[in-house]
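A.B. asks: Just the structure for this:
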Amino acid sequence: MSYRVLIAAPELQLATDLAEAAAAAGAHTVGTVTTDADLREQLRTLDPDVVLLRDDLTGGPIWPVVRETALAHPYLAIVLASPVGSAEVLGLAMEAGARAVVELPVQVEDVAGKIMSAGGWAQTMRRVIGGERESTVAAGLLVVLAGAKGGVGTTTIATHLALASANDDPTRRVCLVDLDVTKGDVPLYLDAQHRRTILDLAPVAHDLTPRAIADALYQHPSGLSLLMAPDQGEYAERLSGTQVATILTGLRQRHDVVVVDAGAVVTEASAAAVELADEVYVVTTPDVPALRGTRRLVELWERLALRKEEAVHAIINRTDKRSDIQPETAARIAGVEVTRTRLPAAFRALEAANNQRDPELAGGVWSQRITELATELRLATARPLSARSDRGRGRRPARAAAATAAVDDAPSTRVARRGRRRDAGQATIELVGLFPLLLLILLFIWQAVLMGVGAHYAANSAQEGARAAAVGGDVSAAARAAVPASFAANMRVSTSPDDGTVTVTIRPPLFLPGARPLDIDLSASSRPVSER
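C.D. replies: Below you'll find the model as predicted:
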């Protein structure tokens, strides 16, 4: 989440240092003022979330300015910058209405952490006081996906949804969190390796800094940030629900979208995520064990007072027209509302993507459905993931084509086969129409080849003419004998009276109609060397 920061400091260098620290927190500096009068004016026009206020802005006590600003803008977070960070100064600042104090000289991590904390408080106050409704993406949308049972595709869907959101808008900051803390395997789907996991944030969860969060995240080439689960599942018990809630809150403050893979087992970590989330989805499949598991999981969350049943939705994966249980029946068995978008049983396409650790290989129908689901979940807005990714990163065509061909596992109907035959006939007609263009391209290539051959002949002819000049022979005859008749007809040979340099000029035959710009002379020169 990006906060709007206004800096009030009389020194230019200090203002620059504070702006750099604000940028480290992902905040946007909307302006800089040097007097308290300018501060009052800019507060009315810029409407910032946080004010970084130097304690010597007025040349006297700063407390009246802090008190006046806090009373006039109750939703504004004031962070005081002072060279004295004593408990006495902190107490006076809090009493006047400031939210925090940063000690000078500027320490980037300290300032960034205070901005994140103060900015979060300010935007909460805006919603409480002003009744603001911010957009879900701008507010750091937290979406949790949990599995009705193992093997229903929770990790696959969470990974592809996060990638779809990241690729949909390059400016959107998306984070994928692997909270399947006992056996998380999100990195295997993305071919990602990182030495830090969520356990590294647990000891500092009470005082998270932007630097600590950035160090723990793996940055995928797509722009997606990834927070991994512990490598060794037995250490998951060291992660408390309170720590997870704090970590997720910190991630929401630095990202527009946070997607959480909560696994299929209810743990303290996953319970905290479900309780904190904006939206919770249970991934299930159209079979009785998975649908019954969905109902049991939702009822468990309600008994634990984590989530009410009406606040949970289901995503049906691996749908197929041949299945005994169709989505409408599955929704009644599961007992919760299901998403409009249902994901197909694309086993072969996902097999290639998972085995090669490249989600883009899924392609085709699967990618289209994932984009539709991401749009429905307010994570994305447009176009299939594969089309955008193939253009942006130049994936190998053979692999992409093979993956696309493997997507649709459902048998083709007679209507579809007739449609393909009609398409084949249409393609033949279109190919005939393209024939003149293809012929023109071939003529252009042939003309370019002739120009290259002509340049070669000109150089060779000039060398032969120079050799004849060196021994007193007929220069023109030697030069013309070195080229074919078709080139010799449009050939000129000249000899310099100064040093005897032989210059041969050839105009290649013109086969391309109307290509006058290509009707040019190709020249080469060679100086004779005495061979006597």
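A.B. asks: Look up how far residue 255 lies from the residue nearest in space to the middle of the chain.
C.D. replies: Within the chain, one residue has its C-alpha closest to the average C-alpha position: by C-alpha atoms, centre = their mean, that is residue 223, at 3.4 Å. Look at residue 223 and residue 255: by C-beta to C-beta, to the nearest Å, they are 11 Å apart. Bear in mind the C-beta positions are built from the backbone N, C-alpha and C, glycine included.
A.B. asks: Equivalent analysis for residue 219, please.
C.D. replies: Here the criterion is C-beta to C-beta. By it, residue 219 lies 12 Å from residue 255.
A.B. asks: Looking at those two, which one has more neighbours?
C.D. replies: Looking at residue 219 and residue 255 with other C-beta atoms under 10 Å, you find the greater number of neighbours at residue 255, namely 24 against 12.
A.B. asks: which residues does the more buried one contact?
C.D. replies: Residue 255 makes contact with 1, 140, 173-175, 225 under the criterion C-beta atoms under 8 Å, 6 or more residues apart in numbering.
A.B. asks: Please flag which of these sit within strands.
C.D. replies: 174-175, 225 (DSSP state E).
A.B. asks: could I get the residues you listed as a markdown table with neighbour count, pLDDT and distance to residue 363?
C.D. replies: Formatted as a markdown table, the ones in strands among the contacts of residue 255 follow (neighbours: other C-beta atoms under 10 Å; pLDDT from 0 to 100; distance: C-beta to C-beta, whole Å):
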| residue | neighbour count | pLDDT | distance to residue 363 |
| --- | --- | --- | --- |
| 174 | 28 | 96 | 21 |
| 175 | 25 | 96 | 25 |
| 225 | 22 | 95 | 24 |
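A.B. asks: Which one of those is nearest to residue 344?
C.D. replies: Of all those, residue 344 sits closest to residue 174, with 23.9 Å by C-beta to C-beta.
A.B. asks: what pairs with the closest one across the strands?
C.D. replies: Residue 174 forms beta bridges with residue 257, as assigned by DSSP bridges.
A.B. asks: so what's it up against?
C.D. replies: Residue 174 touches 162, 165-166, 223-225, 255-259, counting by C-beta under 8 Å, 6+ apart.
A.B. asks: Any chance of a PyMOL selection covering the buried ones in those?
C.D. replies: When burial is assessed using 16 or more other C-beta atoms under 10 Å, the buried subset of these is captured in PyMOL by this command:
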select buried, resi 162+165+166+223+224+225+255+256+257+258+259
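A.B. asks: from the contacts of residue 174, which single one is nearest residue 56?
C.D. replies: Distance to residue 56, by C-beta to C-beta, is smallest for residue 255 among the contacts of residue 174, at 36.0 Å.
A.B. asks: what about the closest one, distance to residue 263?
C.D. replies: From residue 255 over to residue 263 the distance is 21 Å, taken as C-beta to C-beta.
A.B. asks: Next secondary structure element downstream of the host helix or strand of residue 349?
C.D. replies: Element membership of residue 349 [criterion: DSSP states H and E] is helix 347-355. Scanning forward in sequence from helix 347-355, with DSSP H and E defining helices and strands, the next element found is helix 364-376.
A.B. asks: what about the helices in the stretch 251-400 of the chain?
C.D. replies: Listed in chain order, the helices of the stretch 251-400 of the chain (DSSP state H, counting those that start in this stretch) span residues 268-276, 288-303, 327-334, 347-355, 364-376, 385-393, 397-405.
A.B. asks: Now do the longest one, average pLDDT.
C.D. replies: Averaged across helix 288-303, the pLDDT comes to 95.
A.B. asks: Name the residues that touch that helix?
C.D. replies: Helix 288-303 is contacted from outside by 146, 148-149, 152, 266, 271, 274, 280, 282, 284-285, 307-309, 312, 314, 325, 330, 333-336, using C-beta under 8 Å, 6+ apart.
A.B. asks: pLDDT weak spots in the stretch 351-500 of the chain?
C.D. replies: Confidence mapping of the stretch 351-500 of the chain against pLDDT under 70 gives the ranges 382-431.
A.B. asks: rerun at 90
C.D. replies: Segments of the stretch 351-500 of the chain classed as low confidence (criterion: pLDDT under 90) are 351-358, 360-365, 380-500.
A.B. asks: Could you chop this protein up by domain?
C.D. replies: Here the chain is described, according to automatic domain parsing, as comprising the domains 4-130, 141-405, 435-526.
A.B. asks: neighbours around residue 20, how many?
C.D. replies: Residue 20 sits with 14 neighbouring residues when counted by other C-beta under 10 Å.
A.B. asks: Mind telling me what element it is part of?
C.D. replies: If you go by DSSP H and E, residue 20 is part of helix 12-24.
A.B. asks: and that helix, what other elements does it pack with?
C.D. replies: Counting contacts by 3 or more C-beta pairs under 8 Å, 6 or more residues apart in numbering; DSSP states H and E, helix 12-24 is packed against strand 4-8, strand 28-33, strand 50-54, helix 108-130.
A.B. asks: ok, residue 105 - contacts?
C.D. replies: Counted by C-beta under 8 Å, 6+ apart, residue 105 has contacts 17, 83.
A.B. asks: again, only using 10 Å
C.D. replies: The contact partners of residue 105, taken as C-beta atoms under 10 Å, 6 or more residues apart in numbering, are 14, 17, 81, 83.
A.B. asks: Per-residue pLDDT of it, please?
C.D. replies: At residue 105 the predicted local distance difference test score is 90.
A.B. asks: and if you look at residue 124?
C.D. replies: The predicted structure lists residue 124 with a pLDDT of 79.
A.B. asks: Same question for the one 3 residues further on.
C.D. replies: Here, the pLDDT recorded for residue 127 equals 71.
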